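Student: Next input, structure requested:
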Amino acid sequence: MTFQIATVTAMEILDSRGNPTVEVELVSDAGLRARAAVPSGASTGTREAVERRDGDKQRFGGKGVSGAVAAVCGEICSAVRGMDCRDQRGIDNTLVTLDGTANKSRLGANALLGVSLAVCRLAALSAGLPLYAYLGGTGASLMPVPCMNILNGGVHARWQGADFQEYMIAPLGAPSLRDAVRWGSEVYQALRNVLLDRGLSAGVGDEGGFAPSVSSNRQPLELILRAVEKAGYRPGEDIAVCMDPAATAFHRDGLYHLRTEKRALSAEEMTEYYAAILRDFPVVLLEDGLAEDDWDGWAMLCNTLGRHVELVGDDIFVTNVRYIERGIKEHTANAALIKLNQIGTLSETIDAVRLCRRNGWGAFVSHRSGETVDSFIADMTVALETGHLKTGAPCRGERVEKYNQLMRIERALGASAVYAGKNAFVATR
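Tutor: Model prediction:
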C-alpha cells in the first residue's frame, strides 16, 4: 500500500442554504478515494479566514466558488500531488505557505480546508481505520454532549424573533450519546407543540431551530423549560440550556441594543442581565455574550460569571491560537468555539483545541449555518475528546447526519464508549 496523493480535484456543490460551496476529492496511488465538503457561516467574525467567492453577479448572485475550485485543481494540486497523505502537518503547512496571506484570502480558506480534510480522510482510508480512530488514536472513546439549537433568533431568524441567536438544549444527564440524541429529539418535538399551542410559528431556521416571534430574550428560555418538562425531563438535571447571543450582531456605538425589549445596555449591564438569567434558568454555557472587540467587557464578564458558566468565545477568538492565547493571558473567557473553516486547515484547528485543553479551557466544536452532509466534525469531536459540540437541531438532513454519525461511532465503540455528561462543561466539572 502506498500513501501518495495521485490526483486532487474539486467541484461546486450546494450547501444547506442552496449556496455553492467546495467539495474536494483526492485519489491515492493505490486508487483509494476520499471527499470533503466545506461549510459556510452567516454569522461570521471579522478576523475569520476568508472564503473565496467569485463575485460574478450572473452566477449564484456572486457567491460562486469556481475560483476556489480552480485553485484546488491548479496550484494546490501541483503543490501536494505526490505528498504522503499521512503527513497532515506537512501538507497543511504547504497549503498555508502556498496561499501566503494571513487570512487565507488569496486561494481561499474554502479551497484550503477542503483539501486539508480530504487528506485526513484519505489517510484514514489508507490506514484502514475509522476517521475518529485515525485522528484520535485507538483510545478515542469520549462521546460528546450534543448541544442542539432548537430555538433561533437574531440573524438566524432574520431578526423576526429574539435578539439572541441560539438557544440550545444539552442533555447532559443522559446515560449515553444515543439516549442524549433521543432526549433532545423528544424535547424538540415537545417544543413544537408548545409553540403551536400558544399560536406561535413552528417554522424552522437555517439550523433547524424554531424561530417564533417573542416579546423578550427570556421568553425562549421559558418556552424551552416548558418543553423539557412536557417531554418528561428535569430542567438542569437531565437537560440544561446553552445560549449563543452572538452579541457582535447587536453591538454598536459601545452599547448592546436589545430590539425586542427596546433597551440599550453597556457591557456591565449586559453582564448583570446574564447573571439574572443564570439565577433563573439552568444555563451551563454562554457563547459570545459580548462583542468581538469588547475585550475589556469580556474580562469583566469572565471575572463575574466565569465560575458559574462556560464562557465561550467565538467571534473574538475565531479558532486562532493568536487570539486564544491573548484570551488566556487576559482571562477573557474559559472556552473557545472551534470551527474548522474559521482558520482553514485541520492542523491549525487541532492546535487551537490543544491550546485550550493545556490551559483548562473548554473547546466547543461547532458546525456552520451553511452546512453539508459531511460529518467530519462528528469524528473530530470524538477524536479530540472535546466533550461537547453543536451542530443544530435534531432536524434537517445536514444537521442530523452529524448526530447519526456520532451514534454510529458509539455503536462501533461498544462498551468502550464513555458519555461526557456534565464533565463536558467547564463550570460543572
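Student: how close does the closest residue to residue 294 other than its chain neighbours get to residue 239?
Tutor: Leaving out its chain neighbours, the residue that sits closest to residue 294 by C-beta to C-beta, 6 or more residues apart in numbering is residue 267, at 5.7 Å. C-betas here are computed from N, CA, C, even on glycine. The gap separating residue 267 from residue 239 is 30 Å, by C-beta to C-beta, to the nearest Å.
Student: between the two, who's got more neighbours?
Tutor: residue 239 (27 against 22; other C-beta atoms under 10 Å).
Student: My read is that residue 363 contacts residue 335, right?
Tutor: Yes. At 6.8 Å, residue 363 counts as touching residue 335 under the criterion of C-beta atoms under 8 Å.
Student: For residue 257, which residues are in contact?
Tutor: The contact partners of residue 257, taken as C-beta atoms under 8 Å, 6 or more residues apart in numbering, are 163, 250, 251, 263, 264.
Student: among those residues, which ones are buried?
Tutor: 163, 250, 251 (16 or more other C-beta atoms under 10 Å).
Student: residues touching the residue lying closest to the last one once chain neighbours are set aside, list them.
Tutor: Pointing back at residue 251 there. Leaving aside its sequence neighbours, residue 251 sits nearest to residue 291 (C-beta to C-beta, 6+ apart; 3.8 Å). Neighbouring residues of residue 291 by C-beta under 8 Å, 6+ apart: 247, 248, 251, 256, 297, 315, 316.
Student: May I ask which helix or strand encompasses residue 24?
Tutor: Following DSSP states H and E, one finds residue 24 within strand 20-28.
Student: counting contacts, what elements does the following helix or strand past that strand pack onto?
Tutor: Using DSSP H and E, the helix or strand that follows strand 20-28 in sequence is strand 33-37. If contacts are counted by 3 or more C-beta pairs under 8 Å, 6 or more residues apart in numbering; DSSP states H and E, strand 33-37 sits against strand 20-28, helix 109-127.
Student: just the ones you listed: most buried one?
Tutor: Among the helices and strands packed on strand 33-37, helix 109-127 has the highest mean neighbour count (mean count of other C-beta atoms under 10 Å), at a mean of 26.
Student: Would you double-check that residue 285 falls in a helix?
Tutor: No. Under DSSP: H, G, I helix; E, B strand; the rest coil, residue 285 sits outside any helix and is assigned strand.
Student: now it: how far from residue 234?
Tutor: Residue 285 sits 18 Å away from residue 234, going by C-beta to C-beta.
Student: of these two, who's got more company?
Tutor: residue 285 (27 against 11).
Student: Bridged to that one, which residues?
Tutor: When assigned by DSSP bridges, residue 285 has beta-bridge partners residue 242, residue 310.
Student: in the longest helix seen in the chain, what counts as buried?
Tutor: Among the segments of the chain that qualify as a helix by DSSP state H, the longest is helix 177-197. By 16+ other C-beta under 10 Å, the buried positions in helix 177-197 come out as 177-178, 180-181, 183-192, 194-195.
Student: swap in stretch 196-205?
Tutor: 200, 204, 205.
Student: Would you mind measuring from residue 418 to residue 284?
Tutor: From residue 418 over to residue 284 (counting by C-beta to C-beta), the distance is 19 Å.
Student: Looking at those two, which one has more neighbours?
Tutor: For residue 418 and residue 284, the more surrounded residue by other C-beta under 10 Å is residue 284, and the numbers stand at 25 against 16.
Student: what's near enough to touch that one?
Tutor: Residues near residue 284 by C-beta under 8 Å, 6+ apart: 170, 172, 240, 241, 242, 309, 310, 425, 427, 428.
Student: please redo it, this time with the cut-off set to 7 Å
Tutor: By C-beta atoms under 7 Å, 6 or more residues apart in numbering, the residues touching residue 284 are 170, 240, 242, 309, 310, 425, 427, 428.
Student: mind putting those in a markdown table, neighbour count, distance to residue 46 and pLDDT included?
Tutor: Shown next, in a markdown table, are the contacts of residue 284 (neighbours: other C-beta atoms under 10 Å; distance: C-beta to C-beta, whole Å; pLDDT from 0 to 100):
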| residue | neighbour count | distance to residue 46 | pLDDT |
| --- | --- | --- | --- |
| 170 | 28 | 29 | 98 |
| 240 | 24 | 31 | 98 |
| 242 | 26 | 24 | 98 |
| 309 | 26 | 25 | 98 |
| 310 | 25 | 24 | 98 |
| 425 | 26 | 28 | 98 |
| 427 | 20 | 28 | 86 |
| 428 | 16 | 32 | 82 |
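Student: In TSV, list those residues along with distance to residue 47.
Tutor: Formatted as TSV, these follow (distance: C-beta to C-beta, whole Å):
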residue	distance to residue 47
170	27
240	30
242	23
309	24
310	22
425	26
427	26
428	30
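Student: Can you tell me which of those residues is nearest residue 148?
Tutor: Nearest to residue 148, judged by C-beta to C-beta, of the contacts of residue 284 is residue 170 at 7.8 Å.
Student: Tell me, what's the model's pLDDT at the nearest residue to residue 173 once chain neighbours are set aside?
Tutor: Nearest residue to residue 173, sequence neighbours excluded (C-beta to C-beta, 6+ apart): residue 238, at 4.0 Å. Here, the pLDDT recorded for residue 238 equals 98.
Student: Going forward, the N-terminal residue is numbered 175.
Tutor: Fine by me, first position is 175 from now on; the one you just mentioned is residue 412.
Student: which ones are touching residue 412?
Tutor: 345, 347, 357.
Student: measure it to residue 435 for me?
Tutor: 30 Å.
Student: now swap in residue 597 and tell me
Tutor: Noted for residue 597: a distance of 35 Å to residue 435, by C-beta to C-beta.
Student: And residue 526, by the same measure?
Tutor: In terms of C-beta to C-beta, residue 526 sits 35 Å off from residue 435.
Student: burial count for residue 582?
Tutor: The number of residues packed around residue 582, counting by other C-beta under 10 Å, is 15.
Student: contacts for the host helix or strand of it?
Tutor: Using DSSP H and E, residue 582 sits in helix 571-587. For helix 571-587, contacts defined as C-beta under 7 Å, 6+ apart pick out 190, 304, 306, 315, 317, 320, 350-352, 355, 381-382, 541, 545-547, 549, 551-553, 556, 565-568, 591.
Student: Among the residues you listed, which ones are in strands?
Tutor: If you go by DSSP state E, the contacts of helix 571-587 have 317, 320 in strands.
Student: Give me the buried subset of the contacts of helix 571-587.
Tutor: Looks like the contacts of helix 571-587 have 190, 304, 306, 315, 317, 320, 351-352, 355, 381-382, 541, 545-547, 549, 551-553, 556, 565-568, 591 buried, using 16+ other C-beta under 10 Å.
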